[in-house]
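Asker: the following block contains a protein sequence and its predicted model.
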Amino acid sequence: MSFDEHPGLFHEVAFHILPDKLPQGTFEEIRNLLLSNGATEAPPRKATATSRVSIDLEEVTHIIAATSDFPGYADAERMMIPTVTPEWVRFSLSKNKLAHIRPFTPDPRLFFFNVIATTVELPIGDKEAICGGIIAMGGQFSNHLTKMTTHVVALNLDNEMCQMALTKKLRVKIVLPHWFDDCLKLRRRIDEGPYQFPDPEIFHVDSKAPLSLPPGPDLAYTHAHEGGPMKEEPPKPPREDFNIFDGKRVMLSQDLRLSERLLRVLIGIIEQGEGKPVSNVTKADVYVGQFRGGFDYVTASQRHAHVGNLTWLYWMIAHGEWTNPTNRLLHYPIVKGGIPEMRDKVITVSNYGGDTRLFLENLIEACGAKFTKSMKADNTHLITARAHSEKCTAAKEWNIHMVNHLWLEDTYAKWKVMTLADPRYTHFPRRTNLQEVVGQTRIDLDAIKPFYELEDDISTGPASPANRTTTGTAMNGAAKSVTARLAVAAITPAPAKRRRDQEEEESPAPPSTGRKAKEKASARLHDTIMPDVALYQKELKRKGGVLGGRKRAGSTESFEERVRASKRAKSVDISGDEKTTKKRPPKPTIFLLITAYTGWQDKPQKEDDEKKILAELGIKCVDDPTQCTHLAAPHLVRTEKFCCALARAPVIVSTKWVEMCIRVERLVDTVKYILKDPEGEKRLKVNLATSLARAKENKGKLLKGQAVFSTAGVHGGYEVCRRIVEANGGVCVMFKSQKKLANVPDSEKLVLLSGDGPSDKKLWPKFHGMAQAAGKESAIYKSEWILEMAMNQEVFWSEKYNVESSR
């Protein structure tokens, strides 16, 4: 080629096209487009005994595929080789420059891969969090509305950008920031419908209102059907010329225990799909077995063969296409007995239906837990798609753990019981049924390695017969962050093939494919990607997500107030073409809970302005008593917040301290403002200094091991009593029947907090009967008992609280 000749658009692209799942004719079309525009086709490599990957990852710079479900995808991801859909080629040619790879990734884990979003009139913190989350999860963010924009994030339609989108009838969805918040919390993309303008459902429909079951994903042949898949006839192939095995050698394990007739049928289907049945595992490319264990399983896994179970084989036959067995949880061999720590769990499900429910039932049993159709007091967990149903109400009353299906899926995928403290597992969007995102979790590859990697780390060749039962240990070191890995793979430009000596001007179009691609990739990783990922991680930990605190996330604060707050927060000084943005508030050092304060009552604007001043001083106002380091009140009060916060032994100050900090706009010493209220102490029979000293010793465990029951008619309400009991380390449950619950502490004395109404009185004999049957003492107290105990930080028993004797 002469120096005057312009090189083709793809002149530094070495591609490999995977024909699986591409529409007919697409393979040749894309191949011709690439070759005619300067690209080079990387020759496929032959599969070996230790690798089934047919892509030469040393030569290829781009993989063109309709799915990420192919051998070698994980390796390509680690080597930062992008996998893009055929549309990337077409779009690049239409723009006459290489398009960004992020919108064209086929990886379903990057659930924002086809999202190009912009925001309008949002607070700067919300905007940054949304931007970081979108980019980390495969999407793109723009500061302007364009024809490519798919989503506009707004609080209302009263702005120029939204009106322009509506006037020009752009194909863009205008959504509330709540949608991104819920997606990022769940790490799943849910339907935009309840969040979409002009009429967002989450604002005017009660979260408890009935919600029809969504269609849900296609989960046919993703779980064992009634009686198990081995007892069913295999599905019929969708067409006669299907070739899903494409010459692969397939071994059916003896642990499947197939009848001779069924074995002949499956062998015939495998041969029809251009597979070659074999009986020697050392020659197999595909191993189909029931359990994780035994010589054949270990050998096949160490040889990097495709290892799946019969359900996986049935799925491929029914759909007529290849899929990776680790892409669906129950397509990989199971473990006899399940996870040891799950064997004492008794689980039921609610708000799921059809194949989705069957999938979860099978997953519960595969984990080693017991599944029950109905819920009883001895259940330990409720898996639910929404927070509202009869089972959900009962779970709250019976102190049964209530989580969404993601907890169960992650527990099985990672082969360890996930913590219930992760808010992802207890998050339920107001008007979304989570059935729509069931079955998207994949097997964690690091979690299955201990089942076939030997203790001496043998990985080259099959295990010896002497070691057939050895499962080995997990690889050393923790797995890298999935978020960071996905973000790097999605954003970093592809490495260019080293075949040009002359210097070339860098292309402004991302991703660059010049000869300095590695340096550019490293620079972008440091300067662009990791800040985005950091923002995303910060967003996941931030209370309230992109919506700020609990109050904003759960309320319908007026749009106008939030817009005004946003504009004040920007505080931009414009001088010529330069803009200087106000510094962000410092990291909070004081978490302040305010109670019984009237200075902000019916004055939301004043409250908003003064909280901003406090934030500038490093003081963050919180609503959760368990988070506070400082408690402010005008005088000694016995509110719920005060009773709960006192258990944490915070610094208790007068609200005059808050007012002084705001007035002088600096952090004032608390010593002069420590709350002192002799009259209040006398009235409430409390010595505040003594209570604080006891609270420091108790460390929030005043009622540890104590079971407290409550009636619905207790003075102050059941929820208030429950929160106070739990703040002090106890367990509080609603009392309705005489049967003692299995999930409460076995305390020496059983206490019932009760009102004196007729419906409460009917429960008294049942409560005494339950205590007598358990051989325990019983007491029925007024709610005054728990209030005085919380304020004094001391447990005492007295007949003066007995509601029966006061009749």
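Answerer: Arrived safely.

Asker: residue ranges of the helices in the stretch 551-700 of the chain, please?
Answerer: Using DSSP state H, counting those that start in this stretch, the helices of the stretch 551-700 of the chain run over 559-570, 604-616, 640-646, 655-664, 678-684, 688-698.

Asker: kindly report the same for the stretch 701-807 of the chain.
Answerer: 718-727, 758-761, 764-773, 784-792.

Asker: quick one, which of the ones you listed is nearest to Met164?
Answerer: Closest to Met164 of the helices of the stretch 701-807 of the chain is helix 718-727 (Cβ to Cβ; 45.9 Å). To be clear about C-beta, it is placed using only N, CA and C from the backbone, and glycine gets the same treatment.

Asker: got phi/psi on the residue nearest to Asp107 when sequence neighbours are not counted?
Answerer: Computed as Cβ to Cβ, 6 or more residues apart in numbering, the closest residue to Asp107 that is not its neighbour in sequence is Ser68, at 4.4 Å. As for Ser68, its main-chain torsions (degrees, to the nearest 10) stand at phi -90, psi 10.

Asker: low-confidence regions, the chain specifically.
Answerer: 1-6, 47-52, 224-232, 239-241, 454-584, 738-743, 806-807 (pLDDT under 70).

Asker: dump the residue contacts of the spatially most central residue of it.
Answerer: Nearest to the mean C-alpha position of the chain, counting by Cα atoms, centre = their mean, stands Leu186 at 3.3 Å. If you count contacts by Cβ atoms under 8 Å, 6 or more residues apart in numbering, Leu186 has them with 404, 406, 424, 427, 429, 434, 437.

Asker: and which of these is nearest Glu616?
Answerer: When those are compared against Glu616 (criterion: Cβ to Cβ), the nearest one is His427, at 30.9 Å.

Asker: and that closest one, what does it touch?
Answerer: Counted by Cβ under 8 Å, 6+ apart, His427 has contacts 182, 185-186, 404.

Asker: restricted to strands, list the residues you listed.
Answerer: Residues of the contacts of His427 located in strands (DSSP state E): none.

Asker: pretty sure His715 is touching Tyr781, no?
Answerer: No. Judged on Cβ atoms under 8 Å, His715 makes no contact with Tyr781 at a distance of 10.8 Å.

Asker: overlap in contacts of the two?
Answerer: Joint contacts of His715 and Tyr781 (Cβ under 8 Å, 6+ apart) do not exist.

Asker: ok, those two, which is more surrounded?
Answerer: Neighbour count, other Cβ atoms under 10 Å: between His715 and Tyr781, Tyr781 has more, with 22 against 16.

Asker: just the buried members of the contacts of Leu186?
Answerer: 404, 406, 424, 427, 429, 434, 437 (16 or more other Cβ atoms under 10 Å).

Asker: mind putting these into JSON lines with secondary structure and distance to Ala689?
Answerer: Shown next, in JSON lines, are the buried ones among the contacts of Leu186 (DSSP: H, G, I helix; E, B strand; the rest coil; distance: Cβ to Cβ, whole Å):
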{"residue": "Asn404", "secondary structure": "coil", "distance to Ala689": "45"}
{"residue": "Leu406", "secondary structure": "helix", "distance to Ala689": "46"}
{"residue": "Arg424", "secondary structure": "helix", "distance to Ala689": "41"}
{"residue": "His427", "secondary structure": "coil", "distance to Ala689": "40"}
{"residue": "Pro429", "secondary structure": "coil", "distance to Ala689": "45"}
{"residue": "Leu434", "secondary structure": "helix", "distance to Ala689": "49"}
{"residue": "Val437", "secondary structure": "helix", "distance to Ala689": "52"}
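
Asker: and which of the residues you listed is nearest to Arg357?
Answerer: Out of the buried ones among the contacts of Leu186, the member with the shortest distance to Arg357 (by Cβ to Cβ) is Leu434, at 12.6 Å.

Asker: from Leu313, how far off is that closest one?
Answerer: 29 Å (Cβ to Cβ, to the nearest Å).

Asker: need the contact list for Arg292.
Answerer: 332-335, 448, 451-452.

Asker: would you check which pair of those residues lies furthest apart?
Answerer: Ile334 and Tyr452 (14.5 Å).

Asker: residues contacting the helix or strand hosting Ile63, please?
Answerer: Counting by DSSP states H and E, the secondary-structure element that holds Ile63 is strand 62-64. Contacts with strand 62-64, where a contact means Cβ under 8 Å, 6+ apart, come from 13-18, 30, 34, 55, 76, 81-86, 88-89, 494.

Asker: same check, this time on stretch 13-20
Answerer: With Cβ under 8 Å, 6+ apart, stretch 13-20 has contacts from 27, 30-31, 34, 38-42, 44, 55-56, 59-67, 69-70, 321-322, 494, 497, 513.

Asker: out of those residues, which are inside strands?
Answerer: Per DSSP E, the subset of the contacts of stretch 13-20 in strands is 40-41, 62-64.

Asker: out of these, which are buried?
Answerer: By neighbour count, with 16+ other Cβ under 10 Å, these hold 40, 62-64 as buried.

Asker: dump those residues to CSV, plus distance to Lys147.
Answerer: Formatted as CSV, these follow (distance: Cβ to Cβ, whole Å):
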residue, distance to Lys147
Thr40, 33
His62, 26
Ile63, 28
Ile64, 25
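
Asker: residue contacts, the residue lying closest to Ile63 once chain neighbours are set aside?
Answerer: Closest residue to Ile63 apart from its sequence neighbours, by Cβ to Cβ, 6+ apart: Thr83 at 4.3 Å. Thr83 makes contact with 62-65, 68, 73, 76-77, 105-107, according to Cβ under 8 Å, 6+ apart.

Asker: which ones are touching Pro106?
Answerer: Contacts for Pro106 were tallied using Cβ under 8 Å, 6+ apart; they are 65-68, 83-85, 113.

Asker: what about 10 Å?
Answerer: By Cβ atoms under 10 Å, 6 or more residues apart in numbering, the residues touching Pro106 are 18, 21, 63-70, 73, 83-87, 113.

Asker: so it versus Trp600, what's the distance?
Answerer: Distance from Pro106 to Trp600, by Cβ to Cβ: 51 Å.

Asker: the helices in the stretch 201-350 of the chain, which residues?
Answerer: Using DSSP H, counting those that start in this stretch, helices in the stretch 201-350 of the chain cover 201-204, 260-272, 295-302, 310-319.

Asker: next, format the ones you listed as a markdown table and append distance to Trp764.
Answerer: As requested, these are exported to a markdown table (distance: least, Cβ to Cβ, whole Å):
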| stretch | distance to Trp764 |
| --- | --- |
| helix 201-204 | 42 |
| helix 260-272 | 63 |
| helix 295-302 | 60 |
| helix 310-319 | 54 |
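
Asker: using TSV, lay out those together with distance to Val731 and mean neighbour count.
Answerer: Formatted as TSV, the helices of the stretch 201-350 of the chain follow (distance: least, Cβ to Cβ, whole Å; neighbours: other Cβ atoms under 10 Å):
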stretch	distance to Val731	mean neighbour count
helix 201-204	32	14
helix 260-272	52	15
helix 295-302	44	22
helix 310-319	41	23
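
Asker: of those helices, which approaches Lys676 most closely?
Answerer: helix 201-204 (44.7 Å).

Asker: distance between the closest one and the chain's centre?
Answerer: 23 Å (Cα atoms, centre = their mean, to the nearest Å).

Asker: so which of the helices of the stretch 551-700 of the chain is the most surrounded?
Answerer: helix 640-646 (a mean of 24; mean count of other Cβ atoms under 10 Å).

Asker: and that helix, what does it pack onto?
Answerer: Helix 640-646 sits against strand 590-594, strand 630-633, strand 651-654, helix 688-698, helix 718-727, helix 784-792, with contacts defined as 3 or more Cβ pairs under 10 Å, 6 or more residues apart in numbering; DSSP states H and E.

Asker: picking up where we left off before, drop anything exposed from the contacts of Pro106.
Answerer: Buried members of the contacts of Pro106, counted by 16+ other Cβ under 10 Å: 18, 63-70, 73, 83-87, 113.
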